[in-house]
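Novice: Using only what follows, build the 3D model:
(2 chains)
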Protein chains: 2
Amino acid sequence: MAMQTIQFSEFGDPIAVAEVCDVADPGQPGSEEVLVETLASPIDPADIFILQGQYGRLPKLPAVPGIEGVGRVIQVGEGVKHLASGDQVMLPAYGNWCEQRRIAETELLKLPPHGDPKQLSMLRVNPPTAYLLVHEIAALNSGDWLIQNAANSAVGRYIIQLAGLAGIRTVNLVRREELRAELSDIGADAVLMDSEPDLPARIREITGGALPAYGIDAVGGDGTLLLAGCLAAGGVIVNYGVMSGKACKLSAEQLIFRDIRLSGFWLARWFEKNPQRAQPLYSRLATMIAEGRLRAKIDRAYPLAEIKSALQSAIRGGRNGKIILDFAKR
Amino acid sequence: MAMQTIQFSEFGDPIAVAEVCDVADPGQPGSEEVLVETLASPIDPADIFILQGQYGRLPKLPAVPGIEGVGRVIQVGEGVKHLASGDQVMLPAYGNWCEQRRIAETELLKLPPHGDPKQLSMLRVNPPTAYLLVHEIAALNSGDWLIQNAANSAVGRYIIQLAGLAGIRTVNLVRREELRAELSDIGADAVLMDSEPDLPARIREITGGALPAYGIDAVGGDGTLLLAGCLAAGGVIVNYGVMSGKACKLSAEQLIFRDIRLSGFWLARWFEKNPQRAQPLYSRLATMIAEGRLRAKIDRAYPLAEIKSALQSAIRGGRNGKIILDFAKR
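Specialist: Here you go, the predicted model:
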């Protein structure tokens, strides 16, 4: 039996190097393995960077891309203890853009059975990133304010929802006026254009006087500078992405006189330092997603065979949500 | 009796706004005051910024500039307890570019009697900045490495000497080849051109493999980026100045994947948080200066009447040391 997979044999332009291939199906699972069919997998910025060869960790080539996805168990080995046919599972952090795989049971996390596979397929990276940015970096309490840029990004939207669930209030910087209503609908306390003159004064009006002590940056370049200007003295900026493609900037005035600090957040490192916290965190977030309390916006879903169009959509600016590979589509 | 002072009545071009004035002498000291004649005062970058109106704290105008200096007590009030005529003292952090002043005894710190006034006049700002950057920000032990840029600056040279006295080893980035011997002479363990290709590889050769975990930045802009590239993963950069005039830059790769952190250091804030530590710190540093273990390089000394030429020299690039106002000169 044959199945479809995406492969790449060199790093480069993702649309050029990612190819659809027909390969033999994975065969019977070993004793402690399960056979899984992939249901859905998003195209993440990190997938793009990995295809381009520009990421902190790169696979040996040739490789199957796809750092997240959700699957359904279709067969289990005799030694498998906690999974059964029909279970929805979170797939491992590599090689998910293929129709079927044999995977060790220990690499899979069981998910709620009735959760939407497309929403659950985005569980691995963005929801824990947003959760940890909201809850672990700065010690925020209910009623405190944070500020973020790129608020309409996937992580930005999870941050709005997770902060809202904890009573933490958010100032959200965006570039397009029409996002105001959309982000307010998912719980944003304030949505401001990043081009607005005298942002700090506008924020003081909204918060009743104080500037936020915590800023979350996914833009870099002048975006970091702008965010730092909206922070209270002694405030902290954490950067987790660089949509501008430019190095983060902080002025000497901000660093020296206003004591603003800058650091970065990388989920992979956090899990390395806190391995025992991964499963409880994922279970908690999976439940929130399955219950519809935490949702990502999806721009469009593509079948696996249309990978090049899907990558083109993912790379292009001006999307309105994530691009998903939907394995039920043909 | 008349005496000379420098005054400025508006913020602007320092050479234009700083004027020599003849004013009445300060008269007899009050009960808890001393009359002090100024011996020497450096022109600091902060003096320039204050004259330009671009500093974290600005005086009410008209004002006498001069944020540091050394004086000699010439008369004491009847209630003065710890100072006597002839004592050398560190002057307060404002208004020092005048020949004589009456000052409350509590604002003065007694200095070693035989120390060179020109060297001691630079005690207030740079030696404690360098000392705290070496000893308080990162927990370095004897044998550890730090890296700094602008290593030929006043603070940079104090850092080399203070690190050397503590057995902390320094990689020093400079822009001119001819500084290599000069900085080695005062104790620099390594002096590298900031333009050298593949600096991290050069540093690994020097240290025997590891990159420093602590970087001290006084350049900003691409200088911060370059410094961050020379640090071990998890390393810390502290910025205390911005010779490039540009915002500090850190790439997302450095922040997110390499976990480099950036913060700023401002001596005024440190003293605000640690008021009880000021006097012991100054006494320790004053002794080191008086004994010649800690020295700054002086480019040229000017009499007070030549303030405009002195400011011109201080503002101009390519100096080789500090510009000092020497009140013994006429």
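
Novice: which bits of the stretch 1-150 of chain A sit near chain B?
Specialist: By the criterion of C-beta under 8 Å from any C-beta of the partner chain, the positions of the stretch 1-150 of chain A lying close to chain B are A:Gly56. In this view, the C-beta of every residue, glycine as well, is placed from N, C-alpha and C.

Novice: Tell me where the stretch 1-150 of chain A has strands.
Specialist: Using DSSP state E, counting those that start in this stretch, the strands of the stretch 1-150 of chain A run over A:2-7, A:19-24, A:33-42, A:70-76, A:88-90, A:100-104, A:109-110, A:145-148.

Novice: how distant is the fifth one from the center of its chain?
Specialist: Using C-alpha atoms, centre = their mean, to the nearest Å, we find the averaged C-alpha position of strand A:88-90 to lie 17 Å away from the chain's own average C-alpha position.

Novice: Could you list the residues of the stretch 151-300 of chain A in contact with chain B?
Specialist: A:220, A:225, A:239-242, A:247-257, A:259-266, A:269.

Novice: A:Phe271: helix or strand, and which one exactly?
Specialist: helix A:267-273 (DSSP states H and E).

Novice: Give me the buried positions along the helix or strand following that helix.
Specialist: The C-terminal neighbour of helix A:267-273 among helices and strands, as given by DSSP H and E, is helix A:278-290. Within helix A:278-290, the residues that qualify as buried are A:278, A:281-282, A:285-286, A:288-290, counting by 16 or more other C-beta atoms under 10 Å in any protein chain shown.

Novice: do the same with stretch A:246-256
Specialist: Within stretch A:246-256, the residues that qualify as buried by neighbour count (16+ other C-beta under 10 Å) are A:246-256.

Novice: related to what we said a few turns ago, possible to save the strands of the stretch 1-150 of chain A as TSV with mean pLDDT and mean neighbour count?
Specialist: TSV is the format used below for the strands of the stretch 1-150 of chain A (pLDDT from 0 to 100; neighbours: other C-beta atoms under 10 Å in any protein chain shown):
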stretch	mean pLDDT	mean neighbour count
strand A:2-7	95	18
strand A:19-24	95	12
strand A:33-42	97	24
strand A:70-76	97	21
strand A:88-90	97	22
strand A:100-104	97	19
strand A:109-110	96	18
strand A:145-148	98	26
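
Novice: Which strands or helices does the helix holding A:Phe271 pack on?
Specialist: In terms of contacts (3 or more C-beta pairs under 8 Å, 6 or more residues apart in numbering or on different chains; DSSP states H and E), helix A:267-273 is packed against helix A:126-135.

Novice: got the contact list for the helix it packs on?
Specialist: Contacting residues not belonging to helix A:126-135 are listed as A:44, A:140, A:146, A:154-155, A:158-159, A:162-163, A:166, A:168, A:216, A:238, A:240, A:265, A:267, A:270, A:281-282, A:285, A:288-289, A:294, A:296 [C-beta atoms under 8 Å, 6 or more residues apart in numbering or on different chains].

Novice: The nearest residue to A:Ile43 once chain neighbours are set aside: which element?
Specialist: The spatial neighbour of A:Ile43 that comes closest, neighbours along the chain excluded (C-beta to C-beta, 6 or more residues apart in numbering or on different chains), is A:Ala314 at 4.0 Å. Secondary structure from DSSP H and E places A:Ala314 in helix A:307-315.

Novice: thought A:Ile315 was touching A:Ile15?
Specialist: Yes - under the criterion of C-beta atoms under 8 Å, A:Ile315 lies in contact with A:Ile15, with a separation of 7.4 Å.

Novice: returning to what we had before: show me what counts as buried in the helix holding A:Phe271.
Specialist: Within helix A:267-273, the residues that qualify as buried by neighbour count (16+ other C-beta under 10 Å) are A:267, A:269-271.

Novice: residues touching the closest residue to A:Leu61 other than its chain neighbours, list them.
Specialist: For A:Leu61, ignoring the flanking residues on the chain, the nearest one in space by C-beta to C-beta, 6+ apart is A:Ser9 at 5.5 Å. Neighbour list for A:Ser9: A:17, A:19, A:61-62 [criterion: C-beta under 8 Å, 6+ apart].

Novice: repeat for A:Ile147
Specialist: Counting by C-beta under 8 Å, 6+ apart, A:Ile147 touches A:170-173, A:203, A:212, A:214-216, A:227, A:230-231.

Novice: let's go with 10 Å and repeat that
Specialist: The neighbourhood of A:Ile147, defined by C-beta atoms under 10 Å, 6 or more residues apart in numbering or on different chains, consists of A:169-173, A:190, A:192, A:199, A:203, A:207, A:211-217, A:227, A:230-231, A:235, A:237.

Novice: just A:Leu285 next, same as before
Specialist: Residues counted as contacts of A:Leu285 (C-beta under 10 Å, 6+ apart) are A:120, A:123-124, A:126-128, A:130-131, A:158, A:162, A:293-294.
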